[in-house]
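# generate coordinates for the sequence data below:
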Amino acid sequence: MKNARMMLRSIRFVGMIALVVSAVPANAQLIQKTVPDNKAQIQYSYAPVVKRTVPAVVNIYTKRKVLEKGYAPLLNDPALRELFGQQLFAPYVKQKIERSLGSGVIIRPNGLIITSNHVIKDSQEVTVVLQDRREFDAKVVLTDEKADLALLKIDTKNETLSALELINSDALEVGDIVLAIGNPFGVGQTVTNGIISALSRTNVGITDYQFFIQTDAPINPGNSGGALVTMDGKLAGVNTAIFSRSGGSHGIGFAIPANMVDYVIRSYEQGGQVRRPWLGAAFQPLTSDIANKLGLSSPAGALISNIYPASSAEKAGLQKGDIIMALDGLNIEDYQALNYRMATEKIGKTVLLDVVRGQEKIKSKMLLQEAKEEPAADKRSYQTGALFSGITIANLSPKLALEIEADPFKKGVVVYNAPNKARYVLKKGDIIKEINGIKIESVKQFNALISQPASSWKVVIERNGETASLLIR
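Below you'll find the predicted structure:
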């Protein structure tokens, strides 16, 4: 656990990588070694691939306005503020412009661009700069924070732009040569090369769907959102982070696979929002000890610890203790890999699962369904009252829980939104269990209770599996 925490602290969002697959002749060992007669015989270059892909990689610049509090230099003395009073030394508030940079990839000739969500998050202005230095104002048309992806659109005035075709990222192999094309540190478009050093990398702690291509192609801050391209010029993924303790590149970079990128693009083009299926099961880590007890040769697979009623998992006949080993023939290394596979599948599709149940190996067909909103959310916001002013509450359901990153197996009334100014530090995701000793089961009941006069309020909440009490008189 200590090593895992150190690794998570060392992850840095960065950017763009481009992958290039290089084929080695099967008879490479049979090739006779000779002394080259001329320069042409020793020339080897990535230039043809770079020329084909570079025009589809763009630079992205963003702006956002923030309010900054501070004190004038002569008044920024805690001793003076304590001597003369805080009111005399009230802080000033000024508006500040924050700028950031990243990279992106044109994936449609009409100006549709994929990038990392953290590059454009909370930005008021987004500018796209093409390889030929032309600038365009960009509109954010879709964001997928869970996958750390976003789609931008620029007005090309009917001009056809260079765009990259996506490859099936499951076809990539460790050892494939890769190129990284991006805008590191804002110095301008740059190309680097390396190899794919690992596939299906999980337990990285970058996004909700942890399943990354790992590469040693040098990437740095500013590369976020860039392209992973194969030797035939196809997009293999979008770079999102590096493993680094100093902020610089140390040869371990992570990219979101093209299959996830493709799902986001198709979601936009088929309806404008990202909707994913929900398995309806909870999982626990499959350790070596558990694997040995179950007679498995290795701790690979997703071990089910709970099943949600009427979910896809229950309808498919899955049970607690089952281990999902493969989905449609694709191996499942752990439950995070299963989450990724589910996140790239279409709602309404039937998939085939390879399952280990005790000493038995079975196959199960499962119809993929979206998480249900049962009960209805019934969201209500409160702007008055000392305790709940500024918060929004809702009935908890699997669909709502997945939206706010709460436990989908929990039931009751949840804090759907709570601004920083809300008193008693109520936070998004807090489950309101009791008010003045009365168990809370619905928004309607909650609303009726707080509408009644009371000399004091005792509220019991659950946060991250722990219970706490709040009292106001």
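
# list the contacts of stretch 119-129.
With contact meaning C-beta atoms under 8 Å, 6 or more residues apart in numbering, stretch 119-129 is reached by 15, 58-65, 100-104, 113, 135-140, 143, 145, 150, 152, 154, 224-225. For glycine as for every other residue, the C-beta is placed from the backbone atoms N, C-alpha and C.

# sort out for me which of these are in strands.
Using DSSP state E, 58-65, 100-104, 113, 135-140, 143, 150, 152, 154 are the members of those that sit in strands.

# please indicate which of these are buried?
By neighbour count, with 16 or more other C-beta atoms under 10 Å, those hold 58-62, 64, 100-104, 113, 136, 138, 140, 143, 150, 152, 154 as buried.

# ok, residue 211 touching residue 202?
Yes. Using C-beta atoms under 8 Å, residue 211 is in contact with residue 202, at 6.0 Å.

# quick one: common contacting residues for those two?
What both residue 211 and residue 202 touch, as defined by C-beta under 8 Å, 6+ apart, is the set 336, 337, 340.

# nearest to residue 393, out of these: which one, please.
Nearest to residue 393 among the shared contacts of residue 211 and residue 202, counting by C-beta to C-beta, is residue 336 at 30.8 Å.

# mind listing the strands for the stretch 301-450 of the chain?
Secondary structure of the stretch 301-450 of the chain, counting by DSSP state E, counting those that start in this stretch: strands at 302-307, 323-327, 330-331, 350-357, 360-367, 380-381, 392-395, 413-417, 431-435, 438-439.

# these: which one's closest to residue 258?
strand 330-331 (15.0 Å).

# what's in contact with the closest one?
170, 300, 325, 337, 341.

# ok, 10 Å please
Residues from elsewhere that reach strand 330-331 (C-beta atoms under 10 Å, 6 or more residues apart in numbering): 170, 200, 300, 301, 325, 337, 338, 340, 341, 351, 354.

# isn't the fourth one up against residue 361?
No. With contacts counted by C-beta atoms under 10 Å, residue 301 stays clear of residue 361, the gap being 11.4 Å.

# can you list residues touching both of the two?
323, 325, 354, 355.

# hmm, back to that, have a look at residue 211 and residue 202 and say which one is more surrounded.
It is residue 211, of residue 211 and residue 202, that has more neighbours when counted by other C-beta atoms under 10 Å, with 26 against 17.

# wait, what's in contact with that one?
Counting by C-beta under 10 Å, 6+ apart, residue 211 has contacts 147, 169, 199-202, 204, 256-257, 259-260, 333-334, 336-341, 343-344.

# tell me where the stretch 51-200 of the chain has strands.
So, for the stretch 51-200 of the chain - with DSSP E, counting those that start in this stretch - the strands run 57-70, 92-108, 112-115, 125-129, 135-144, 149-154, 177-182, 190-201.

# ok now the third one, how far from the chain's centre?
To tie it back to what came earlier, the one meant is strand 112-115. Distance, stretch centre to chain centre, for strand 112-115: 16 Å (C-alpha atoms, centre = their mean, to the nearest Å).

# roughly how far does residue 161 sit from residue 134?
Distance, residue 161 to residue 134, using C-beta to C-beta, to the nearest Å: 10 Å.

# please disregard the earlier target; I meant residue 443.
Applying C-beta to C-beta to residue 443 and residue 134 gives a distance of 51 Å.

# repeat that for residue 360.
Taking C-beta to C-beta, one finds residue 360 at 62 Å from residue 134.

# do residue 163 as well
16 Å.

# neighbour count for these two, which is higher?
residue 163 (17 against 11).

# list the residues that contact the more buried one.
Residue 163 touches 55, 56, 105, 106, 107, 108, 109, 110, 111, 112, 113, 235, counting by C-beta under 10 Å, 6+ apart.

# ok, now with 8 Å
Contacts of residue 163 by C-beta under 8 Å, 6+ apart are 56, 106, 107, 108, 109.

# pretty sure residue 184 contacts residue 224?
No. Applying C-beta under 8 Å as the test, residue 184 and residue 224 come out as separate, 9.9 Å apart.

# which of the two has more neighbours?
Higher neighbour count among residue 184 and residue 224: residue 224, with 34 against 24, using other C-beta under 10 Å.

# phi and psi next, for the more buried one.
phi -50, psi 130 (degrees, to the nearest 10).

# report the distance from stretch 148-163 to the chain centre.
22 Å.

# mind checking the end-to-end distance for that stretch?
21 Å (C-alpha to C-alpha, to the nearest Å).

# could you give the average pLDDT over that stretch?
Stretch 148-163 shows a mean pLDDT of 95.

# rewinding a little: now mean neighbour count, distance to residue 275 and mean pLDDT too, for the strands of the stretch 301-450 of the chain, in TSV please.
Output for those, formatted as TSV (neighbours: other C-beta atoms under 10 Å; distance: least, C-beta to C-beta, whole Å; pLDDT from 0 to 100):
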stretch	mean neighbour count	distance to residue 275	mean pLDDT
strand 302-307	20	22	94
strand 323-327	21	19	95
strand 330-331	14	21	92
strand 350-357	18	16	95
strand 360-367	13	15	94
strand 380-381	15	25	90
strand 392-395	22	19	94
strand 413-417	23	19	92
strand 431-435	19	25	92
strand 438-439	10	33	93
